[in-house]
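In: Coordinates for the following, if possible.
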Amino acid sequence: MPPDIEQALRNKWVMLAAGALMTCLMRGTIGDILASHDGMQSMNQSIDESRAVSAAVDGSR
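Out: Numbers count the residues shown, from 1 in each chain. A predicted model of the protein is given here:
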């Protein structure tokens, strides 16, 4: 078990949120999105946005 379980859970939430964001917006699978022209860039932006939301929530506690 990781020493910082809260951080591990937060990391998992960020990745799930980013994946959900992209699959809903792009109406496709992660594989389809990554295979598209700007798929990796879009996915990285989604992860960055999810990470920023997570950091903002953590900072407000």
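In: Now name the helix or strand holding the residue nearest in space to the middle of the chain.
Out: Against the mean C-alpha coordinate of the chain, by C-alpha atoms, centre = their mean, the closest residue is Ala18 at 2.7 Å. Applying DSSP states H and E as the criterion places Ala18 in helix 5-26.
In: Would you mark the buried spots in that helix?
Out: By neighbour count, with 16 or more other C-beta atoms under 10 Å as the criterion, the buried positions of helix 5-26 are 10, 14, 17-19, 21-22, 26. (Glycine included, C-beta is placed from N, CA and C.)
In: do stretch 28-48 as well
Out: Within stretch 28-48, the residues that qualify as buried by neighbour count (16+ other C-beta under 10 Å) are 33, 39, 42-43, 46-47.
In: Contacts for that stretch next, please.
Out: Stretch 28-48 is contacted from outside by 14-15, 18-19, 21-23, 26, using C-beta atoms under 8 Å, 6 or more residues apart in numbering.
In: need those in TSV with pLDDT and distance to Ser60, can you?
Out: TSV is the format used below for the contacts of stretch 28-48 (pLDDT from 0 to 100; distance: C-beta to C-beta, whole Å):
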residue	pLDDT	distance to Ser60
Val14	93	16
Met15	94	21
Ala18	95	20
Gly19	94	24
Leu21	94	21
Met22	95	25
Thr23	96	28
Met26	92	30
